[in-house]
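>>> Predicted coordinates and the sequence they were generated for:
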Amino acid sequence: MIHFDESMTLLEGLQIEKYKTKKLYIMEAQGYVLAEDVVADHNSPEFPTAAMDGYALNHDDIAMGRLKIASINPAGSALKDEVIGGTCIKTFTGSLMPKGADTLIPIENVEVDDDEIIIKEEVPQGFSVREVGENYAKGQKLIEAGTKIDFPQIGVMAGLNIVSVMVYEKPTVAVLSTGSELLDLGEVQTNDAQIRSSNNYTVEAIVRKYDGIPMQLGCIKDDKASIQKAMAEALEKSDIVVTTGGVSVGDFDFVKDVITELGCEVVFKGVRIKPGQHIVVARKGDKFIVGLPGFAYSSTVTALLYVVPLIEKLQRGKSSLKKVKAKLKEPFIKRAKKAEFTACNVSLLQGEYYVDFKGKKVGTSAILTNMLGNVALLVTSEDDTSKGVGDEVDVLLLA
Ligand SMILES: Nc1nc2c(c(=O)[nH]1)N[C@H]1C(S)=C(S)[C@@H](COP(=O)(O)OP(=O)(O)OC[C@H]3O[C@@H](n4cnc5c(N)ncnc54)[C@H](O)[C@@H]3O)O[C@H]1N2
Ligand code: MOO
């Protein structure tokens with residue numbers, strides 16, 4: 001088995017030969033990762049523009065105290081008139097500044113006397129004028145490829161009249177659980193040894209949450225031929241195949257053999273982590289198979305550690321799981337000489353993260369309910385030992 005850090009290095013080092021991209025209308029691109037830089041093709045604003053409702057004038061004329069209103073300049077109108085000595089032009093928020101004017105005096109600062117304004121309160125030169133390029137300048141890179149598109153990016157692209165944009169395709173992730181003891185949702189129990197399958201649904205939800213497109217394939221009995229057929233078809237139809245169960249050393253643990261028989265190249269098999277030590281990651285070209293262990297807590301943690309980064313890798317996106325420092329409110333007992341990922345409660349108090357284990361059970365990796373609540377994963381390395389109250393620890397945030 002390899003060190004956890006080595007498994008991460010191997011995962012990060014995977015080279016993708018051909019990324020899948022597509023062009024999407026910007027309103028359909030929310031949640032996708034941008035596959036091209038967005039560069040401004042114009043200055044914004046292109047011309048000096050009024051930022052308030054008022055009177056455009058030449059700042060030198062303010063000293064005259066009274067100025068004639070020569071004309072009116074609504075937003076959107078192509079004004080020909082210029083401000084000439086001793087006059088002003090009524091101008092509105094969003095109107096282009098008329099030629100000859102360098103300052104906008106707001107309506108609140110003047111009194112109108114017939115066709116003249118009387119200046120009651122002066123403003124400095126350039127007041128309320130949005131200069132050329134205030135938002136951005138022509139040629140400026142505004143959004144980098146690799147950025148996840150959300151409302152600010154959509155707004156900025158709309159401002160640039162970008163109707164459609166190149167994005168990375170979200171990978172399709174096929175999910176199937178193996179195990180002859182498994183009952184799928186709603187399936188009627190026929191003997192006491194059967195258990196409800198949760199892994200395929202937990203993993204489907206993780207895939208959706210972290211921007212993959214899940215393809216739910218349900219449960220498959222521990223029969224090598226059926227597993228092989230299902231995985232071969234899944235590999236055909238998806239970018240990542242995630243299986244749960246059947247990866248340890250039992251007589252019916254067929255997933256590892258099937259992975260090799262499907263002609264996949266094993267990236268790594270077995271990592272010194274708890275839970276999840278039997279994890280296997282394999283590839284066939286730009287497609288991946290991740291075999292997660294069967295225990296519910298193990299498959300959940302390993303899906304977060306290995307499937308989520310693969311989903312992100314295929315979209316050249318940035319990692320969405322954040323590691324932070326936190327302080328222990330309770331002692332932490334280190335149980336294994338492996339990297340451990342322990343469910344904990346995390347709270348934020350005056351800018352500092354705190355961790356406790358209230359309600360968390362100690363037991364096997366079957367205890368998925370440990371993931372309920374304000375959950376995060378306390379991360380320790382294989383060389384770490386137990387820790388006391390107040391000690392600083394690493395925590396992987398999941399929210
Ligand atoms: N002799 C050894 N036994 C085991 C070892 C070992 O090294 N030597 N490793 C243990 C560890 S650690 C784990 S984790 C499990 C992993 O085994 P598998 O991946 O082969 O998983 P299964 O045996 O199929 O299932 C384990 C456990 O989880 C339940 N399960 C399976 N699928 C689901 C599902 N879809 N939803 C909910 N629960 C599921 C299953 O009933 C078993 O109880 O092996 C240990 N054994
Ligand atoms: O791989 Mo297991 O998850 O340590 O119980």
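That came in fine, so what should we check first? Numbers count the residues shown, from 1 in each chain. Ligands and ions are numbered 1, 2, ... in the order given.
>>> Give me the contacts around stretch 22-36.
19, 21, 143-151, 153-154, 157-158, 162-170, 211, 315-317 (CB atoms under 8 Å, 6 or more residues apart in numbering). Using the backbone N, CA and C atoms, a C-beta is placed for each residue, glycine as well.
>>> Okay, and which of the residues you listed map to helices?
Among the contacts of stretch 22-36, the members found in helices (DSSP state H) are 151, 153-154, 157-158.
>>> Tell me the buried residues within these.
Buried members of the ones in helices among the contacts of stretch 22-36, scored by 16 or more other CB atoms under 10 Å, are 153-154, 157.
>>> Among the residues you listed, which one lies nearest to residue 380?
Closest to residue 380 out of these is residue 153 (37.2 Å), distances taken as CB to CB.
>>> Residue 32 versus that closest one, what's the distance?
Look at residue 153 and residue 32: by CB to CB, to the nearest Å, they are 10 Å apart.
>>> quick one: which of the contacts of stretch 22-36 sit in strands?
Using DSSP state E, the members of these that fall in strands are 21, 143, 164-168.
>>> Put the buried members of the contacts of stretch 22-36 into a ChimeraX selection.
Remark: buried members of these, expressed as a ChimeraX selection using 16+ other CB under 10 Å:
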select :21,143,147,148,149,153,154,157,162,165,167,168,169,170,211,315,317
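>>> Leaving out sequence neighbours, find the closest residue to residue 373.
residue 345 (5.6 Å; CB to CB, 6 or more residues apart in numbering).
>>> Specify the beta-bridge partners of the one you found.
Beta-bridge partners of residue 345, counted by DSSP bridges, are residue 356, residue 375.
>>> next one: residue 91
residue 54, residue 73.
>>> Per-residue pLDDT of it, please?
The score at residue 91 is 96. That number is its pLDDT.
>>> same deal with residue 80?
On the pLDDT scale, residue 80 gets 85.
>>> And residue 25, by the same measure?
pLDDT, read off for residue 25, is 98.
>>> okay, now it: neighbour count?
9 (other CB atoms under 10 Å).
>>> try residue 28
Neighbours around residue 28, by other CB under 10 Å: 12.
>>> And it, its phi and psi?
phi -100, psi 0 (degrees, to the nearest 10).
>>> what's the answer for residue 313, then?
phi -60, psi -40.
>>> Please give the number of neighbouring residues around it.
Residues near residue 313, counting by other CB under 10 Å, number 19.
>>> ok, back up a step: and of the buried ones among the ones in helices among the contacts of stretch 22-36, the nearest to ligand 2?
Of all these, the one sitting nearest ligand 2 is residue 153; the distance, using CB to the nearest ligand atom, is 38.9 Å.
>>> how about that closest one, what does it touch?
Residues in contact with residue 153 (CB under 8 Å, 6+ apart) are 34, 38, 143, 147.
>>> With distance to ligand 2 and pLDDT added, can I get these in TSV?
Below are the contacts of residue 153 laid out as TSV (distance: CB to the nearest ligand atom, whole Å; pLDDT from 0 to 100):
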residue	distance to ligand 2	pLDDT
34	37	97
38	43	98
143	40	98
147	35	95
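>>> residues in contact with the host helix or strand of residue 347?
According to DSSP states H and E, residue 347 maps onto strand 339-349. Residues from elsewhere that reach strand 339-349 (CB under 8 Å, 6+ apart): 3-4, 271-276, 297, 301, 305, 326, 332, 334, 353-360, 370-371, 373-382, 384, 395-397.
>>> That strand near ligand 2 at all?
No. Strand 339-349 does not reach ligand 2 (CB under 6 Å from any ligand atom); its nearest approach is 9.5 Å.
>>> hmm, back to that, out of the ones in strands among the contacts of stretch 22-36, which two are the most distant from each other?
The span of the ones in strands among the contacts of stretch 22-36, defined through CB to CB, is set by 21 and 143 at 15.7 Å.
>>> And the contacts of stretch 55-65?
Against stretch 55-65 from outside (CB under 8 Å, 6+ apart): 50, 67, 69, 73, 83, 85-91, 97-98, 100-105, 107, 110, 117-119, 122-126.
>>> helix/strand/coil for the residue of the stretch 251-399 of the chain found nearest ligand 1?
For the stretch 251-399 of the chain and ligand 1, the shortest gap (CB to the nearest ligand atom) falls at residue 294, measuring 2.4 Å. Three-state call for residue 294 (DSSP: H, G, I helix; E, B strand; the rest coil): coil.
>>> list the contacts for residue 129?
Contacts of residue 129 (CB under 8 Å, 6+ apart): 48-51, 97, 102-104.
>>> Could you do residue 334 as well?
340, 380, 384-387.
>>> circling back to that earlier point, TSV for the ones in helices among the contacts of stretch 22-36, including pLDDT and distance to residue 287?
Shown next, in TSV, are the ones in helices among the contacts of stretch 22-36 (pLDDT from 0 to 100; distance: CB to CB, whole Å):
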residue	pLDDT	distance to residue 287
151	98	33
153	98	29
154	98	31
157	98	31
158	98	36
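>>> what sits opposite the closest residue to residue 391 other than its chain neighbours in the beta ladder?
Using CB to CB, 6+ apart and skipping the chain neighbours, the partner closest in space to residue 391 is residue 328 (5.0 Å). Taking DSSP bridges as the rule, residue 328 bridges to residue 355.
>>> tell me which parts of this structure are close to ligand 1?
Going by CB under 6 Å from any ligand atom, the residues of the chain near ligand 1 are 177, 179, 181-182, 195, 197-200, 244-250, 253, 275, 277-278, 293-296, 298, 365-366.
>>> Show me the chain divided up by domain.
4-19+170-313, 21-44+135-168, 49-130, 322-397 (automatic domain parsing).
>>> In the stretch 251-399 of the chain, mark out all the strands, start to finish.
265-269, 273-274, 280-284, 287-292, 322-328, 339-349, 352-356, 375-380, 392-397 (DSSP state E, counting those that start in this stretch).
>>> centre of the chain versus stretch 35-52, how much separation?
Chain-centre distance of stretch 35-52: 26 Å, with CA atoms, centre = their mean, to the nearest Å.
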